[in-house]
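*Asks:* the following block contains a protein sequence and its predicted model.
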Amino acid sequence: VFVSGSDSDVARYRLPVIVREYGLGHLREQDRTAEARDAHARYIFDLILQATDTISSPGFADWIPRLSAVAPDIKAALDWTLPRWPRSETLRVAPGLLHFWYRTGNPVDAAKWGKAMITEIEGVPNHLVASARSCVGFAANVLGDEHEALYQIEAAVALVRDGAHQRTLINALWGRGHVAIQVGDFQTAHRCATEALAICDDIGDPWLRADPLALLGFAFLFSGQSLDDARRYSEEAQALFREFGDTASQTVMNPLSVIAMRQRDLVAAERYALDVAALAAGSGWEAAALVNLAEVFLAQGRLDEATSTLQRAVTRGLDAGLENWFRMGLRDLGQVAVARKTPRRAALLFGASRRNAPVYGLDPTIYEPMEAYCRGKLGDEQFTLVSQEGGRMGYEQLMELALDEPRDRLASV
């Protein structure tokens, strides 16, 4: 037996493959494979439940690397139990998994296992079903399926409206508010955030205030209301996220670099963006952080740095399944193409970026002047044809386009 890694609390061990196969062979001969798999699943689920107990405290941050280390075991346990165990048993881990998948930026697993969890749910407690539906809603929201996201999150909110599980309701309202931001319904986002904050005050939980505060920041920012209010709410949320040890929320719920840019404070914008990019390194949310950092470089005229950062962003976004940030990265590469005076490339990228993009990503203050430049160079008809070509491109073609070096290949366009 080998020690494969350890931290201050936990050491992990592994068996050589040949010993594992030898042991599995004996289990099969003795018809005890199911017994072993049940025991394994119970152990893994117990870890998740221990982590779940700390969700509303800074202690949950310590569980993220521990759960990440056993991610293959979590998948194996879900794969084994969902067809065999009662849903009331398997869905006990849904609240913990929702936060784990969100914190690690993993919508793909949230979608796969969340959808499996919400089948055959008769008799399962509402708050557990709500958490499972929130998994599916979170995944659909960032994967670009706004209709599925809205359906699942609204169902989750309805399940816990009775007030018996207020923390679950806060999470569901936060998810509903994010779907609203996605589709440009800022009034609903504001309402969900306000309601969630009122519940936090009622139950006296300061940690849970961070998410609705951040949601208010987004609502004020993207609705074109007070930037000062957007910055105030976002900074208050960030302070809580830092105390909470929630690096994922510090990344994806942090519009401070965007706010600072709109306030023409590029020094602060770069500081915010660099801090977030460092926090997000290695997680799925790195794509979001890199897009925001590249936008600061664009505003500063640092095109080479913006290009390389955006190329990393779209690669990471596609790998993690973060459709929103993949499309926004393509949009910003289109802005680089305009700055480099390559209008055909820009038109392709703008056309591709509009497909599956969130409403806030379709910011007319970005698209209108950029596309006007392309129309002026290409003509209206040619711009429309090229833009439509970009919208039809598959992921492989788009990655080839994004990773191409525009200065060498497109200098004559």
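*Replies:* All right, it came through fine. All figures in this text were calculated on a predicted structure; none of them were measured in a lab. Numbers count the residues shown, from 1 in each chain.

*Asks:* C-alpha only now, for contacts and for neighbours.
*Replies:* OK.

*Asks:* where does the protein have low pLDDT?
*Replies:* 4-10, 405-413 (pLDDT under 70).

*Asks:* so what's the residue most central in space within it up against?
*Replies:* Centroid-nearest residue in the chain, with C-alpha atoms, centre = their mean: residue 105, separated by 4.6 Å. Residue 105 makes contact with 248, 283, 284, 285, 320, according to C-alpha atoms under 8 Å, 6 or more residues apart in numbering.

*Asks:* the same query, at a cut-off of 7 Å, please.
*Replies:* For residue 105, the contact set (C-alpha atoms under 7 Å, 6 or more residues apart in numbering) comprises 283, 284, 285.

*Asks:* by neighbour count, which of these wins?
*Replies:* Counting neighbours by other C-alpha atoms under 10 Å, residue 285 leads the contacts of residue 105 with 29 neighbours.

*Asks:* nearest spatial neighbour of that one, chain-adjacent residues omitted?
*Replies:* Residue nearest to residue 285 in three dimensions, not counting chain neighbours: residue 105, with 5.3 Å by C-alpha to C-alpha, 6 or more residues apart in numbering.

*Asks:* tell me the secondary structure for the one you found?
*Replies:* Classification of residue 105 using DSSP: H, G, I helix; E, B strand; the rest coil returns coil.

*Asks:* how much space is there between it and residue 281?
*Replies:* 11 Å (C-alpha to C-alpha, to the nearest Å).

*Asks:* please apply the same query to residue 36.
*Replies:* Counting by C-alpha to C-alpha, the gap from residue 36 to residue 281 is 36 Å.

*Asks:* and residue 113, by the same measure?
*Replies:* For residue 113, the distance to residue 281 equals 25 Å [C-alpha to C-alpha].

*Asks:* show me where this protein has strands.
*Replies:* Per DSSP state E, the chain carries strands over the ranges 2-6, 11-14.

*Asks:* does residue 176 touch residue 153 like I think?
*Replies:* Yes - the pair residue 176 and residue 153 passes the contact test of C-alpha atoms under 7 Å, sitting 5.6 Å apart.

*Asks:* name the residues contacting each of these two.
*Replies:* By C-alpha under 7 Å, 6+ apart, residue 176 and residue 153 have no common neighbours.

*Asks:* which residues sit in contact with the nearest residue to residue 374 once chain neighbours are set aside?
*Replies:* Nearest non-adjacent residue to residue 374, counting by C-alpha to C-alpha, 6+ apart: residue 343, 5.0 Å away. By C-alpha under 7 Å, 6+ apart, the contact set of residue 343 is 337, 374, 377.

*Asks:* buried subset of those?
*Replies:* When the contacts of residue 343 are checked for burial by 16 or more other C-alpha atoms under 10 Å, the buried set is 337, 374, 377.

*Asks:* I'd like to know how far the first one sits from residue 243.
*Replies:* Yep, that's residue 337 we're talking about. Distance of residue 337 to residue 243, given as C-alpha to C-alpha: 40 Å.

*Asks:* can you check residue 338 too?
*Replies:* Residue 338 sits 41 Å away from residue 243, going by C-alpha to C-alpha.

*Asks:* neighbour count winner among these two?
*Replies:* Taking neighbours as other C-alpha under 10 Å, residue 338 and residue 243 compare with residue 338 leading, 20 against 11.

*Asks:* run a quick neighbour tally on residue 340.
*Replies:* For residue 340, the number of neighbouring residues by other C-alpha under 10 Å comes to 16.

*Asks:* same question, the one 4 residues further on
*Replies:* Around residue 344 there are 22 other residues, counting by other C-alpha under 10 Å.

*Asks:* same question for residue 264.
*Replies:* A count of nearby residues for residue 264, using other C-alpha under 10 Å, gives 12.

*Asks:* when you give positions from now on, start the count at 638
*Replies:* From this message on, residue numbering opens at 638, which makes the last subject residue 901.

*Asks:* quick one, phi psi at it?
*Replies:* Note on residue 901: backbone dihedrals following degrees, to the nearest 10 are phi 60, psi 30.

*Asks:* tell me the spacing between it and residue 936.
*Replies:* 9 Å.

*Asks:* residue 1026 now?
*Replies:* In terms of C-alpha to C-alpha, residue 1026 sits 28 Å off from residue 936.

*Asks:* try residue 922
*Replies:* Relative to residue 936, residue 922 is positioned 22 Å away (C-alpha to C-alpha).

*Asks:* do the same with residue 995
*Replies:* Using C-alpha to C-alpha, residue 995 is found at 22 Å from residue 936.

*Asks:* max-length helix in the chain?
*Replies:* With secondary structure taken from DSSP state H, the chain has its longest helix at helix 670-689.

*Asks:* now it: buried residues?
*Replies:* Those buried within helix 670-689 under the rule 16+ other C-alpha under 10 Å are 675, 677, 678, 679, 681, 682, 684, 685, 686, 688, 689.

*Asks:* over to stretch 834-848?
*Replies:* Residues of stretch 834-848 classed as buried: 834, 836, 837, 844, 845, 846, 847, 848 (neighbour count, 16+ other C-alpha under 10 Å).

*Asks:* again, but for stretch 761-775
*Replies:* Buried-residue list, stretch 761-775, by 16+ other C-alpha under 10 Å: 761, 763-775.

*Asks:* for those residues, give me a markdown table that also has distance to residue 985.
*Replies:* As requested, these are exported to a markdown table (distance: C-alpha to C-alpha, whole Å):
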| residue | distance to residue 985 |
| --- | --- |
| 761 | 49 |
| 763 | 46 |
| 764 | 45 |
| 765 | 44 |
| 766 | 42 |
| 767 | 41 |
| 768 | 40 |
| 769 | 38 |
| 770 | 36 |
| 771 | 35 |
| 772 | 34 |
| 773 | 32 |
| 774 | 31 |
| 775 | 29 |
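
*Asks:* relative to residue 942, which of these is nearest.
*Replies:* Residue 942 has its nearest neighbour among those in residue 775, at 31.4 Å by C-alpha to C-alpha.
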